[in-house]
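In: Predicted structure and sequence below. I'll ask about it afterward.
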Amino acid sequence: MRAAQRIPSPESARGFTLVELLVAIVVMSMLALLSWRSIDGMTRTQTLTQQRADDLLRMQAAMGQWAADLDALIDTGEVNPLDFNGQVLRMTRRDSGEVGLESRGIRVVAWTRLTGVALAGLPQISSSINASGQWARWQSGPVLRRDELARAWQRAAEWGRGTLPSQSGNPGTDSAIALLGIDNWQLFYHRGETWANPQSSLGNEDPGAPAGSGAGTLPNGVRLELILGQGEGLSGSLVRDWVRPTLEAGR
(Lines give C-alpha, C1' and ligand atoms only; values in the text may rest on other atoms or scores of the structure.)
Protein backbone atom coordinates (compact mmCIF):
# COMPACT_ATOMS: atom_id res chain seq x y z
CA MET A 1 0.00 0.00 0.00
CA ARG A 2 1.24 3.43 -0.83
CA ALA A 3 1.54 5.91 2.02
CA ALA A 4 -1.05 8.57 1.91
CA GLN A 5 0.35 11.93 0.85
CA ARG A 6 -0.22 14.78 3.23
CA ILE A 7 -1.81 17.75 1.58
CA PRO A 8 -0.78 21.04 3.29
CA SER A 9 -3.61 23.00 4.67
CA PRO A 10 -4.14 26.62 3.66
CA GLU A 11 -3.20 27.76 7.21
CA SER A 12 0.26 26.06 7.14
CA ALA A 13 1.14 27.60 3.74
CA ARG A 14 0.26 31.10 4.86
CA GLY A 15 3.00 33.80 4.31
CA PHE A 16 3.39 37.44 5.49
CA THR A 17 0.44 39.71 5.03
CA LEU A 18 0.80 43.14 3.47
CA VAL A 19 0.25 44.79 6.85
CA GLU A 20 3.06 42.76 8.42
CA LEU A 21 5.44 43.69 5.59
CA LEU A 22 4.59 47.38 5.97
CA VAL A 23 5.18 47.22 9.73
CA ALA A 24 8.55 45.51 9.19
CA ILE A 25 9.57 48.13 6.62
CA VAL A 26 8.57 50.97 8.95
CA VAL A 27 10.56 49.44 11.85
CA MET A 28 13.66 48.96 9.68
CA SER A 29 13.33 52.51 8.36
CA MET A 30 13.16 53.90 11.90
CA LEU A 31 16.24 51.88 12.92
CA ALA A 32 18.12 53.12 9.86
CA LEU A 33 17.12 56.74 10.59
CA LEU A 34 18.21 56.48 14.22
CA SER A 35 21.51 54.95 13.18
CA TRP A 36 22.10 57.69 10.61
CA ARG A 37 21.35 60.41 13.14
CA SER A 38 23.72 58.83 15.62
CA ILE A 39 26.54 58.61 13.05
CA ASP A 40 25.83 62.14 11.83
CA GLY A 41 25.94 63.47 15.40
CA MET A 42 29.26 61.73 16.04
CA THR A 43 30.68 63.16 12.81
CA ARG A 44 29.55 66.69 13.65
CA THR A 45 30.99 66.42 17.15
CA GLN A 46 34.30 65.17 15.80
CA THR A 47 34.42 67.99 13.22
CA LEU A 48 33.63 70.64 15.83
CA THR A 49 36.22 69.24 18.23
CA GLN A 50 38.88 69.25 15.51
CA GLN A 51 37.96 72.80 14.51
CA ARG A 52 38.25 74.03 18.08
CA ALA A 53 41.60 72.29 18.44
CA ASP A 54 42.84 73.92 15.22
CA ASP A 55 41.60 77.34 16.36
CA LEU A 56 43.36 76.88 19.69
CA LEU A 57 46.63 76.02 17.93
CA ARG A 58 46.27 79.09 15.71
CA MET A 59 45.65 81.28 18.75
CA GLN A 60 48.67 79.86 20.55
CA ALA A 61 50.82 80.50 17.47
CA ALA A 62 49.57 84.09 17.20
CA MET A 63 50.16 84.74 20.90
CA GLY A 64 53.61 83.19 20.65
CA GLN A 65 54.52 85.51 17.76
CA TRP A 66 53.10 88.51 19.65
CA ALA A 67 55.24 87.75 22.71
CA ALA A 68 58.33 87.05 20.57
CA ASP A 69 58.01 90.43 18.84
CA LEU A 70 57.73 92.28 22.14
CA ASP A 71 60.61 90.35 23.71
CA ALA A 72 62.83 91.26 20.74
CA LEU A 73 62.11 95.02 20.88
CA ILE A 74 65.14 97.19 20.18
CA ASP A 75 65.54 100.95 20.46
CA THR A 76 67.21 102.34 17.34
CA GLY A 77 67.22 105.92 18.56
CA GLU A 78 65.57 106.90 15.26
CA VAL A 79 61.92 105.98 15.87
CA ASN A 80 59.88 105.00 18.88
CA PRO A 81 60.53 101.28 19.42
CA LEU A 82 56.83 100.81 20.27
CA ASP A 83 54.28 103.13 18.71
CA PHE A 84 50.49 102.79 18.75
CA ASN A 85 48.28 105.39 17.07
CA GLY A 86 44.97 103.80 18.00
CA GLN A 87 44.81 101.74 14.81
CA VAL A 88 48.17 100.11 14.16
CA LEU A 89 50.98 99.10 16.50
CA ARG A 90 54.46 99.54 15.02
CA MET A 91 57.69 98.34 16.58
CA THR A 92 61.34 97.76 15.80
CA ARG A 93 62.72 94.36 16.72
CA ARG A 94 65.83 92.28 16.30
CA ASP A 95 65.86 89.99 13.31
CA SER A 96 64.75 86.47 14.23
CA GLY A 97 67.72 85.06 12.31
CA GLU A 98 70.25 86.98 14.37
CA VAL A 99 72.93 84.66 15.74
CA GLY A 100 75.79 85.82 17.94
CA LEU A 101 77.56 88.74 16.29
CA GLU A 102 75.94 88.09 12.93
CA SER A 103 72.84 90.12 12.10
CA ARG A 104 71.09 90.90 8.84
CA GLY A 105 69.66 94.05 10.41
CA ILE A 106 66.50 94.91 12.29
CA ARG A 107 62.89 94.57 11.22
CA VAL A 108 59.89 96.85 11.44
CA VAL A 109 56.79 94.96 12.56
CA ALA A 110 53.17 96.11 12.56
CA TRP A 111 50.01 94.63 14.10
CA THR A 112 46.50 95.78 13.32
CA ARG A 113 42.93 94.69 12.59
CA LEU A 114 42.08 94.60 8.90
CA THR A 115 38.69 94.35 7.21
CA GLY A 116 37.24 94.20 3.72
CA VAL A 117 39.45 95.15 0.80
CA ALA A 118 42.56 95.37 2.97
CA LEU A 119 42.39 91.58 3.41
CA ALA A 120 42.26 90.85 -0.32
CA GLY A 121 45.14 88.61 -1.30
CA LEU A 122 46.42 88.38 2.26
CA PRO A 123 47.28 84.85 3.44
CA GLN A 124 44.98 83.77 6.27
CA ILE A 125 45.25 80.91 8.74
CA SER A 126 42.10 81.78 10.66
CA SER A 127 38.85 79.82 10.21
CA SER A 128 36.65 82.38 11.99
CA ILE A 129 34.70 83.34 8.91
CA ASN A 130 32.02 85.14 10.94
CA ALA A 131 34.49 87.62 12.44
CA SER A 132 34.15 91.23 11.31
CA GLY A 133 37.91 91.55 10.88
CA GLN A 134 41.25 89.77 11.03
CA TRP A 135 44.11 90.42 13.44
CA ALA A 136 47.06 90.66 11.09
CA ARG A 137 50.84 91.03 11.28
CA TRP A 138 53.21 92.72 8.84
CA GLN A 139 56.98 92.78 8.85
CA SER A 140 59.59 94.42 6.69
CA GLY A 141 62.71 92.83 5.36
CA PRO A 142 65.93 93.36 7.33
CA VAL A 143 67.03 97.02 7.33
CA LEU A 144 70.51 98.35 8.03
CA ARG A 145 70.44 102.04 7.07
CA ARG A 146 68.49 105.01 8.41
CA ASP A 147 66.75 105.65 5.11
CA GLU A 148 65.67 101.99 4.90
CA LEU A 149 64.29 102.21 8.44
CA ALA A 150 62.35 105.39 7.64
CA ARG A 151 60.80 103.87 4.54
CA ALA A 152 59.92 100.62 6.32
CA TRP A 153 58.38 102.61 9.19
CA GLN A 154 56.23 104.51 6.70
CA ARG A 155 55.18 101.35 4.87
CA ALA A 156 54.08 99.83 8.17
CA ALA A 157 51.80 102.82 8.81
CA GLU A 158 50.35 102.67 5.29
CA TRP A 159 49.73 98.94 5.56
CA GLY A 160 47.93 99.45 8.89
CA ARG A 161 45.60 101.94 7.20
CA GLY A 162 44.90 99.46 4.42
CA THR A 163 46.49 101.64 1.75
CA LEU A 164 49.49 99.41 1.05
CA PRO A 165 49.20 95.95 -0.53
CA SER A 166 50.42 93.22 1.78
CA GLN A 167 53.71 92.55 -0.01
CA SER A 168 54.44 95.70 -1.98
CA GLY A 169 56.89 98.50 -1.34
CA ASN A 170 59.81 96.12 -1.05
CA PRO A 171 58.83 92.98 -3.01
CA GLY A 172 60.32 89.73 -1.82
CA THR A 173 61.14 90.95 1.68
CA ASP A 174 58.00 92.50 3.17
CA SER A 175 55.36 90.00 4.24
CA ALA A 176 51.99 89.97 5.98
CA ILE A 177 49.53 87.38 7.26
CA ALA A 178 46.12 87.33 8.94
CA LEU A 179 46.25 85.32 12.16
CA LEU A 180 42.94 85.49 14.04
CA GLY A 181 39.37 86.45 13.33
CA ILE A 182 38.49 89.26 15.74
CA ASP A 183 35.73 91.82 16.14
CA ASN A 184 37.86 94.34 18.03
CA TRP A 185 41.16 94.81 19.83
CA GLN A 186 42.57 97.23 22.39
CA LEU A 187 45.94 97.99 23.98
CA PHE A 188 46.96 99.36 27.36
CA TYR A 189 50.42 100.37 28.58
CA HIS A 190 51.56 99.96 32.16
CA ARG A 191 53.37 103.11 33.21
CA GLY A 192 54.00 104.26 36.71
CA GLU A 193 51.45 102.44 38.85
CA THR A 194 48.56 101.86 36.50
CA TRP A 195 47.36 100.70 33.08
CA ALA A 196 46.58 103.56 30.74
CA ASN A 197 45.82 104.36 27.12
CA PRO A 198 48.98 104.03 25.00
CA GLN A 199 48.47 107.54 23.66
CA SER A 200 48.46 108.98 27.18
CA SER A 201 51.66 110.64 28.44
CA LEU A 202 51.05 109.34 31.97
CA GLY A 203 54.26 107.80 33.27
CA ASN A 204 56.00 108.14 29.92
CA GLU A 205 58.72 110.41 31.24
CA ASP A 206 61.76 108.90 32.89
CA PRO A 207 64.46 111.58 33.32
CA GLY A 208 66.84 109.09 34.96
CA ALA A 209 66.84 106.65 32.07
CA PRO A 210 70.13 106.43 30.16
CA ALA A 211 70.10 107.78 26.62
CA GLY A 212 69.26 105.21 23.97
CA SER A 213 68.11 102.64 26.54
CA GLY A 214 64.46 102.86 25.51
CA ALA A 215 63.43 102.97 29.19
CA GLY A 216 61.93 106.42 28.75
CA THR A 217 59.67 105.31 25.89
CA LEU A 218 59.02 101.63 26.48
CA PRO A 219 56.21 100.91 28.95
CA ASN A 220 56.69 98.53 31.85
CA GLY A 221 54.11 96.23 30.31
CA VAL A 222 51.61 95.89 27.48
CA ARG A 223 48.10 94.52 27.90
CA LEU A 224 46.39 93.11 24.83
CA GLU A 225 42.62 92.61 24.73
CA LEU A 226 41.07 90.74 21.81
CA ILE A 227 37.37 90.25 21.13
CA LEU A 228 37.31 87.04 19.14
CA GLY A 229 34.94 86.62 16.22
CA GLN A 230 31.63 84.89 16.85
CA GLY A 231 31.99 81.69 14.82
CA GLU A 232 31.92 77.95 15.24
CA GLY A 233 35.35 77.95 16.86
CA LEU A 234 36.65 79.93 19.82
CA SER A 235 34.82 83.08 20.86
CA GLY A 236 34.71 85.58 23.70
CA SER A 237 37.49 87.87 24.95
CA LEU A 238 41.19 87.17 25.37
CA VAL A 239 43.53 89.19 27.62
CA ARG A 240 47.30 88.80 27.42
CA ASP A 241 49.80 90.77 29.55
CA TRP A 242 53.45 91.24 28.58
CA VAL A 243 56.12 92.50 30.99
CA ARG A 244 59.31 94.15 29.76
CA PRO A 245 62.15 91.63 30.32
CA THR A 246 64.55 94.37 31.41
CA LEU A 247 62.14 95.74 34.00
CA GLU A 248 63.94 96.27 37.30
CA ALA A 249 62.44 95.43 40.68
CA GLY A 250 60.51 98.31 42.17
CA ARG A 251 59.96 100.08 38.87
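Out: Structure's in. What do you need? Residues are numbered from 1 along each chain as shown.
In: For A24, which non-adjacent residue is spatially closest?
Out: Counting by CB to CB, 6 or more residues apart in numbering, F16 is the residue found nearest to A24 once chain neighbours are left out, at 7.8 Å. Every residue, glycine included, has its C-beta placed from N, CA and C.
In: which SS state does that neighbour fall under?
Out: With DSSP: H, G, I helix; E, B strand; the rest coil as the basis, F16 sits in coil.
In: Relative to L226, how far out is it?
Out: Distance from F16 to L226, counting by CB to CB, to the nearest Å: 65 Å.
In: again with S29
Out: From S29 to L226 the distance is 49 Å (CB to CB).
In: follow-up on the earlier one: distance check, the residue nearest to A24 against G64.
Out: Taking CB to CB as the measure, F16 falls 67 Å from G64.
In: how far is the helix or strand encompassing R37 from where the chain is centred?
Out: Secondary structure assigned from DSSP states H and E places R37 in helix 18-71. Helix 18-71 sits 23 Å away from the centroid of its parent chain (CA atoms, centre = their mean, to the nearest Å).
In: Next: stretch 142-161.
Out: 24 Å.
In: Could you give the average pLDDT over that stretch?
Out: Regarding stretch 142-161, the rounded mean pLDDT is 92.
In: Show me the shaky parts of the chain.
Out: 1-15, 40, 98-103, 117-118, 120-121, 125-131, 164-172, 201-217, 230-234, 247-251 (pLDDT under 70).
In: is it true that D71 touches R244?
Out: No - contact criterion CB atoms under 8 Å: D71 and R244 do not qualify, at 9.1 Å.
In: Give me the more crowded residue out of the two.
Out: Remark: of D71 and R244, R244 carries more neighbours, 19 against 12, as counted by other CB atoms under 10 Å.
In: pretty sure the more buried one is in contact with L218, am I right?
Out: Yes - using CB under 8 Å, R244 is in contact with L218, at 6.0 Å.
In: on contacts alone, who are the packing partners of the longest strand seen in the chain?
Out: The strand that spans the most residues within the chain, counting by DSSP state E, is strand 175-191. Strand 175-191 sits against helix 18-71, strand 106-114, strand 133-139, strand 194-196, strand 221-228, with contacts defined as 3 or more CB pairs under 8 Å, 6 or more residues apart in numbering; DSSP states H and E.
In: ok, back up a step: could you identify the helix or strand that succeeds the helix holding R37?
Out: Next in line after helix 18-71, if elements are assigned by DSSP H and E, sits strand 82-84.
In: Please name the strands paired to that following strand in the sheet, noting orientation.
Out: Next to strand 82-84 in the sheet, as set by DSSP bridges, lie strand 88-94 (antiparallel).
In: Please spell out which residues along the strand it pairs with are buried.
Out: Buried residues in strand 88-94, counted by 16 or more other CB atoms under 10 Å: V88, L89, R90, M91, T92, R93.
In: Look up how far Q51 lies from N85.
Out: 35 Å.
In: Of all the helices and strands packed on strand 175-191, which one comes closest to A176?
Out: Nearest of the helices and strands packed on strand 175-191 to A176, taken as CB to CB: strand 133-139 at 4.1 Å.
In: Whatever helix or strand comes next after the closest one to strand 88-94, inter-axis angle?
Out: Downstream of strand 133-139, the first helix or strand assigned by DSSP H and E is helix 146-160. Calculated by axes from the mean of the first three to the mean of the last three CA atoms, to 10 degrees, helix 146-160 forms an angle of 150 degrees with strand 88-94.
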